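> here's my sequence, what's the structure:
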Amino acid sequence: MRIGVVTFPGSLDDRDAQRAVRLAGAEPVALWHGDEDIADVDAIVLPGGFSYGDYLRAGAISRFAPVMEKVVDAARGGLPVLGICNGFQILCESHLLPGSMIKNAHRSFICRDQPLRVESTRTAWTTEFTEGEIIRVPLKNQDGQYVADARTLEELEGEGRVVFRYTAGATHGPEGFESNPNGSRSDIAGITNAYGNVVGLMPHPEHAVEAGFGPDEPGAGTRTGTDGLRMFTSVLRSMVG
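Sure, this is the predicted structure:
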C-alpha cells in the first residue's frame, strides 16, 4: 500500500508521518504542495506544522495549493485522507470537514501528552481501536480550538462523527488534570466526514508510534507509547478488507 504525505512550505511533521507510515507496513510517498497529481496513492496524510506561516488563518493558503485540488477530488471519491493538526485545519479550510480552528482559549501555545477518548471506530483510520478506549498521544498547537455553530455540532454528535474527544481519563495524569486543553467545543479533538474516509484531529498520532519514544503509559503493555500507530495500521486494514 502507498500512502502519500504532502509537504507544504512550513510543514514540520511530514518526515514523522512518513516514518509512521513505514512502521505501519506501508510505503510512504512524498507529495509536494505544488504537485498536480497524487501519484496514484491509496491514502493521503496532511501533516502538522505551520504551512505558509499560518498567514491569514491556519491552513487558509494551503487550501489553494495545486495538490489540494487533487486531494479534495480524491477524498470526495472515497480516498482515505488524514489531517493532523495543521492538516486538520487545512481539511476545514477545504470544506472536507465542517467547522474551523481558532486560537487556543488561553491564547498560548500548548505542548503535552494528551489523553483522548475514542468515540468512533467507524472510520478508515480508527478500525483498530475500541469505542470508549482512552489513548494518549502528544498535542502541540496554538490554533487548536475547534469551533462550529450549534447546528453543525448537533449534526456531528447525532451522526456519530466525533472521532476523538479530549478527556482527563481514569488513569491519566494527576488529579485535576485539565481535560480540554484549548477550549474546543464539546471537547472535540477529532472528527470525520459523513463517509468515514476523511478524518482530522489536532493531536499527533505520528509521534506515538514506537515503544519507548511515545507517551509513556504504565500498565499499557506492548502498546506503551504506540497508541498513534493504530491509526496508520487501521487504514491499511480498511483498504485490504
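> assumed residue 121 was part of a helix.
No: according to DSSP: H, G, I helix; E, B strand; the rest coil, the state of residue 121 is coil, so it is not within a helix.
> and it, its phi and psi?
Taking degrees, to the nearest 10, you get phi -110, psi 10 for the backbone angles of residue 121.
> low pLDDT regions in the protein?
Filtered on pLDDT under 70, the chain yields the residue ranges 169-178, 216-224, 241.
> which parts of it are helices?
With DSSP state H, the ranges of helices along the chain come out as 14-24, 66-76, 86-93, 150-158, 229-240.
> what's the second one packed up against?
If I follow you right, that is helix 66-76. strand 43-46, strand 81-84 (3 or more C-beta pairs under 8 Å, 6 or more residues apart in numbering; DSSP states H and E). Yep, even glycine has a C-beta here, placed from its N, CA and C like the rest.
> would you turn those strands into TSV with mean neighbour count?
Below are the helices and strands packed on helix 66-76 laid out as TSV (neighbours: other C-beta atoms under 10 Å):
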stretch	mean neighbour count
strand 43-46	29
strand 81-84	30
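> quick one on the thing from earlier: can you tell me which of the helices of the chain is packed in deepest?
helix 86-93 (a mean of 28; mean count of other C-beta atoms under 10 Å).
> got the helices and strands packed on helix 66-76 as JSON lines, with distance to residue 214 columns?
Listed next are those as JSON lines, based on distance: least, C-beta to C-beta, whole Å:
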{"stretch": "strand 43-46", "distance to residue 214": "17"}
{"stretch": "strand 81-84", "distance to residue 214": "14"}
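> so which of those strands gets nearest residue 160?
strand 81-84 (18.3 Å; C-beta to C-beta).
> which helices and strands does the closest one pack with?
By 3+ C-beta pairs under 8 Å, 6+ apart, strand 81-84 packs against strand 43-46, helix 66-76, helix 86-93, strand 198-201.
> and residue 187, what does it touch?
165-167, 179-180 (C-beta atoms under 8 Å, 6 or more residues apart in numbering).
> how far does stretch 36-45 stretch from start to finish?
For stretch 36-45, the first-to-last residue distance is 16 Å (C-alpha to C-alpha, to the nearest Å).
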